[in-house]
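A.B. asks: sequence-free structure coming up:
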């Protein structure tokens, strides 16, 4: 007996419609995410007007240190435009999967809790999925065998879009990175056409994936050791914490968000059993790209968790639960994975979501567990108590306010006030202090210009000379508790 009648396409059409409706509804039920609020505050020079997210002095914001970060132009638009653009791109991705892979894979994609979560919060996951999907098709010559050099160079440019959109690559480095990646892709394809015995591993998917994984691991290790990236450099400063973070990232990125979240775990074993005897250049390139990207994502997420935990002096590994949704980045691999499985099915009769064979029961059970999470992501969405607090703040043009909260994501929460206060037009300046520092003394000594204080639910004390102007309750999913707005007596 099967919990879903997976032999009936009407079931899958219903699931696809459900997924599309949830993605539409989340645009109305969810407020923008923390990262989106930050991106919308970035000015035309790439600076953050209230200070960089990673201040030099822990627990203290510094409006004079605006930092420099790249964001997609879409984040200069309104909330409605940001969400509508993400939704349209996602519908396009679903349509492509439906046409080229199958109805059932498209339905699973539409029900992805991670992507529903991302669309409602205005994150760039669907943009990255589109970029990587196009790059995947170009590097693997999925659509054409003509002009391989041009395809590889364009694929490299699309791949560089991903670190650029995350603020990890400067605009000046994008073109150079694209040329390097395109050259590597071209040399890879030239090697695959060679008859030399020592290059035959390029045509064996498992060997090719092992080499690409090792190459990415070595590259990221060099970047970390040389501190070319502050985030990756944490592996040198905190090697034991980083090692444990890698293990947790494998659990989060690979097991939870990929194998469970994409309903792929039932297909792993039968696919691996067939791969051992496969000799196919295109399949090798596909699996090598997937393995390389997965490795990079795991190592990056682990570094991000480690770096931020040190920056916030957060308990380890508790911060992983706060930042566990970073595993959603792996959704950019959904299209490559289902395309690869579809190619394996056509060439070697491997099971897929659309042709599961003996895995039909396992897929139905996984969907049964996944759908409630998708419903929660679509119907509840993100909530922000700071919207109410901003409305309650008696602040005028050119004035300053202080936000006091726990160190974890404190600077991110500060920027959730930026849009509601229309801070750019009103020239309002926000400051942040962590509960871990002596913010009361600092307020008296260094922030005489502050006229309003906002205390998060983490803060219990009210400083002398200040009175509670307004209060409210934070949502349970945001930790609950009472926030307060203070003014001078």
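C.D. replies: Received, thanks. This structure is a prediction, so every number in the text was calculated from the model and none was measured.
A.B. asks: the helices in the stretch 201-350 of the chain, which residues?
C.D. replies: According to DSSP state H, counting those that start in this stretch, the stretch 201-350 of the chain carries its helices in the segments 205-225, 234-237, 239-249, 265-275, 281-312, 318-323, 334-348.
A.B. asks: what about those helices, which gets the closest to residue 463?
C.D. replies: The closest of the helices of the stretch 201-350 of the chain to residue 463 is helix 281-312. By C-beta to C-beta, the value is 23.1 Å. For glycine as for every other residue, the C-beta is placed from the backbone atoms N, C-alpha and C.
A.B. asks: which other helices and strands contact the closest one?
C.D. replies: With contacts taken as 3 or more C-beta pairs under 8 Å, 6 or more residues apart in numbering; DSSP states H and E, helix 281-312 sits against helix 125-139, helix 171-193, helix 205-225, helix 234-237, helix 239-249, helix 318-323, helix 334-348.
A.B. asks: Most tightly packed of those?
C.D. replies: Comparing these by mean neighbour count (mean count of other C-beta atoms under 10 Å), helix 125-139 ranks first with a mean of 23.
A.B. asks: Check the helices and strands packed on helix 281-312 for me: which has the lowest mean pLDDT.
C.D. replies: When these are ranked by mean pLDDT, helix 318-323 comes last with a mean of 88.
A.B. asks: which strands and helices sit next to the helix or strand of the chain with the lowest mean pLDDT?
C.D. replies: For the chain, using mean pLDDT, DSSP states H and E, the weakest element among its helices and strands is helix 318-323, scoring a mean of 88. The contact analysis (3+ C-beta pairs under 8 Å, 6+ apart) places helix 318-323 against helix 281-312.
A.B. asks: Of all the residues in the helix it packs on, which ones are buried?
C.D. replies: 281-312 (16 or more other C-beta atoms under 10 Å).
A.B. asks: before we move on, what about stretch 369-376?
C.D. replies: Within stretch 369-376, the residues scored as buried using 16+ other C-beta under 10 Å are 370, 371, 373, 374, 375.
A.B. asks: Then stretch 397-406?
C.D. replies: Of all the residues in stretch 397-406, those buried under the rule 16+ other C-beta under 10 Å are 399, 400, 401, 402, 403, 404, 405, 406.
A.B. asks: mean confidence score for it?
C.D. replies: Stretch 397-406 comes out at a mean pLDDT of 97.
A.B. asks: Span of it from start to end?
C.D. replies: 27 Å (C-alpha to C-alpha, to the nearest Å).
A.B. asks: same deal with stretch 104-115?
C.D. replies: 17 Å.
A.B. asks: Let me see the mean pLDDT of it.
C.D. replies: 97.
A.B. asks: which SS class is residue 401?
C.D. replies: Look at residue 401: counting by DSSP: H, G, I helix; E, B strand; the rest coil, its state is strand.
A.B. asks: got the contact list for the least confident helix or strand of the chain?
C.D. replies: 245, 248, 252, 304, 305, 308, 309, 312, 314, 408, 409 (C-beta atoms under 8 Å, 6 or more residues apart in numbering).
A.B. asks: Show me what the helix or strand harbouring residue 388 is packed against.
C.D. replies: Per DSSP states H and E: residue 388 is located in helix 385-392. With contacts taken as 3+ C-beta pairs under 8 Å, 6+ apart, helix 385-392 sits against strand 466-473, strand 482-488.
A.B. asks: Minimum distance to residue 181: which of these has it?
C.D. replies: Nearest of the helices and strands packed on helix 385-392 (C-beta to C-beta): strand 482-488, 46.4 Å.
A.B. asks: List the neighbouring strands of the closest one plus their orientation.
C.D. replies: According to DSSP bridges, strand 482-488 forms sheet pairs with strand 450-455 (antiparallel), strand 466-473 (antiparallel).
A.B. asks: chain center to the longest one: distance?
C.D. replies: For strand 466-473, the separation from the chain centroid amounts to 35 Å (computed by C-alpha atoms, centre = their mean, to the nearest Å).
A.B. asks: mean confidence score for that strand?
C.D. replies: For strand 466-473, mean pLDDT rounds to 96.
A.B. asks: Kindly report the same for the first one.
C.D. replies: This predicted structure assigns strand 450-455 an average pLDDT of 97.
A.B. asks: ok, residues contacting that strand?
C.D. replies: Strand 450-455 is contacted by residues 386, 389, 393-396, 399-404, 417, 431, 443, 462-463, 466, 469, 483-488 when judged by C-beta under 8 Å, 6+ apart.
A.B. asks: Now do the same contact list for residue 36.
C.D. replies: 75, 82, 121, 122, 123.
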